[in-house]
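Novice: Mind looking at a prediction? Sequence and model below.
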Amino acid sequence: MLIEQFYDDNLAHASYVIISNGDAAVIDPARDPYPYLDFISKNEAQLKAIIETHPHADFVSSHLELHKKTNADIYVGKLVGVFYPHKGVEDGDEIILGSIRLKFILTPGHSPDSISIIVYNKDNKPYALLSGDTLFVGDVGRPDLRESAGNISKKREELAGAMFDTVQTKLKTLNDDILVYPAHGAGSLCGKALSDARFSTIGREKTQNYAFQISDKTEFINSLLQDQPFIPAYFGYDVELNRIGAPDFYESINAIPKLDSNTEIPENSTIVDVRERKEFRKKHIKNSINIFQDTKFETWLGTLVNPNEKFYLICNSKDDFDKILKRTAKIGYEVNVLGILTLPEKASFVSDELDLKHFRENTDSYTIIDVRNPSETSKGLKFNNAMAIPLSELRIKMDIIPHDKPVVVHCAGGYRSAIALSIVENKIKNKVFDLGEEVKSY
């Protein structure tokens, strides 16, 4: 038996291929199906099963495309309510894969329809748990993403209670030596305390995961709900897209217009400029949002641009087109791209540069916007006169920012404030500056 993990650092997403005696299964595949198909082919196996542990919120899965290319069955929990060919499974159902068997267990909590998979080896002993977004290394899945999405929607308190029951009655009963292969690692917004370790054991989680240490249900619910990260705008959209099944990866990407740099972009269009911040500030199109090619590009694109919002993409060169379109498609946003192009020659908007000495000596002369998350600002502001507006909410809260003073934006290290600068400078009549990495000196 072979269990191979495929890891996407940008979304902190882990997917898996299991191979036994020439039969293969894919669990929670990413949008691009070809890495799995290539790996299975190299190992002289055939894809027999595609398993979705739940309808994912943070990425788009290639389960339907894999099914169309291989005719392998898609297995998903009966409660999900999907609109593609599938085999619905219930708690305790099993399938045979080569000389091993996979047992499905219902593990609600992150979502009401989550399943996990226990892998039994050829000696019929439980070997591994493919836990989806139910159990992470050091954490469990957040319970607040399905209040208004999916076939079944439940209040976060209900799902937190369901997670307590899952931990107590399903996970704690498993053998300590069972390996744990989760769908996410540190950096994912599907939990709040994920480790950067890629796998674990049930025994380790029993002793080191906070969710296993709380025996009172009310205390568990309160603890799980506390300090969860923000919910990006695209999460509900991806849940529904995954229930339908996404269009084929390359076919969808290839349909996006590659525009000449001199193409006239209509006024008031949404423009996402992916160039590095220094290049962006030297020259860009007014009203652009600078979401540069950091590891968090997909997350911030899906946070700051709404799922129904059409937009243009601007890259540094045509060599970047393919990479950026693939990353855009990971969250299903390629269908919203009106065109991709390099920076037009007539672009002339230049960002303001902050006089750090003047700012340090005259902070009261500026409106200061702290764009860190509430979990950060609740511990205290770096500037007493600052307004706390999380970057995730900035575009919809521009009206509360006064125009009477120059504006300085900051975060914890300079990444989020660079994006914030591009948003605020489009709407404020006064000058707008980014404190950038200088914030670390305060």
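Specialist: Arrived safely, thanks for sending. Numbering: from 1, shown residues only.
Novice: use CA for all of it now, contacts and neighbours both
Specialist: Noted.
Novice: For the nearest residue to Asp227 once chain neighbours are set aside, identify the helix or strand it belongs to.
Specialist: Among residues not flanking Asp227 along the chain, Ser375 sits closest, at 6.1 Å (Cα to Cα, 6 or more residues apart in numbering). In this structure, Ser375 sits in helix 374-377 according to DSSP states H and E.
Novice: Pairing partners for the helix or strand just after that helix, with directions?
Specialist: Using DSSP H and E, the helix or strand that follows helix 374-377 towards the C-terminus is strand 387-388. Strand pairing for strand 387-388, using DSSP bridges, gives strand 367-370 (parallel).
Novice: How about residues contacting the partner strand?
Specialist: The contact list for strand 367-370 (Cα atoms under 8 Å, 6 or more residues apart in numbering) reads 377, 381, 383, 385-390, 402, 405-411.
Novice: Would you mind listing which of those residues are buried?
Specialist: The neighbour count (16 or more other Cα atoms under 10 Å) marks 377, 386-390, 405-411 as buried among the contacts of strand 367-370.
Novice: Tell me the one of the residues you listed nearest Ile51?
Specialist: For these, the minimum distance to Ile51 (Cα to Cα) is 36.0 Å, reached by Pro390.
Novice: For Ser148, the count of nearby residues, please.
Specialist: Using other Cα atoms under 10 Å, Ser148 is surrounded by 12 other residues.
Novice: now swap in the one 4 residues further on and tell me
Specialist: Burial measure for Ile152: 14 neighbouring residues, criterion other Cα under 10 Å.
Novice: got it, and Leu259?
Specialist: Look at Leu259: counted by other Cα under 10 Å, it has 17 neighbours.
Novice: now Leu435
Specialist: Taking other Cα under 10 Å as the criterion, the count of residues near Leu435 is 22.
Novice: Hmm, Ala412 and it touching each other?
Specialist: No: with contacts counted by Cα atoms under 8 Å, Leu435 stays clear of Ala412, the gap being 10.0 Å.
Novice: Gly436 against His410, yeah?
Specialist: Yes: using Cα under 8 Å, Gly436 is in contact with His410, at 6.3 Å.
Novice: what is in contact with those two at once?
Specialist: Shared contacts of Gly436 and His410, defined by Cα under 8 Å, 6+ apart, are found at Ser417.
Novice: Now Tyr250: phi and psi?
Specialist: As for Tyr250, its main-chain torsions (degrees, to the nearest 10) stand at phi -70, psi -30.
Novice: Touching, Tyr312 and Val272? I think so.
Specialist: Yes: assessed by Cα under 8 Å, Tyr312 is found in contact with Val272 at 6.1 Å.
Novice: okay, the nearest residue to Phe6 once chain neighbours are set aside: pLDDT?
Specialist: In space, Phe6 comes closest to Ser15 once its chain neighbours are excluded; the distance is 5.2 Å by Cα to Cα, 6+ apart. Note on Ser15: pLDDT of 98.
Novice: got the contact list for Ser15?
Specialist: Applying Cα under 8 Å, 6+ apart to Ser15 gives the contacts 5-7, 26-30, 183.
Novice: Tyr312 and Val272: which has the busier surroundings?
Specialist: Shown here are Tyr312 and Val272; by other Cα under 10 Å, Val272 has more neighbours (24 against 19).
Novice: What's opposite the more buried one in the beta bridge?
Specialist: Ile289, Leu313.
Novice: Give the burial count for the closest residue to Lys282 other than its chain neighbours, as a bare number.
Specialist: Distance criterion Cα to Cα, 6+ apart; nearest residue to Lys282, sequence neighbours excluded, is Val350 at 5.3 Å. For Val350, the neighbour count with other Cα under 10 Å is 14.
Novice: Over to Gln213?
Specialist: By other Cα under 10 Å, neighbour count at Gln213 equals 12.
Novice: and the gap between it and Arg416?
Specialist: With the distance defined as Cα to Cα, to the nearest Å, Gln213 ends up 34 Å from Arg416.
Novice: you'd agree Asp227 is up against Thr377?
Specialist: No: with contact defined as Cα under 8 Å, Asp227 and Thr377 do not form a contacting pair (11.9 Å).
Novice: avg pLDDT for stretch 306-322?
Specialist: Computed over stretch 306-322, the mean pLDDT rounds to 97.
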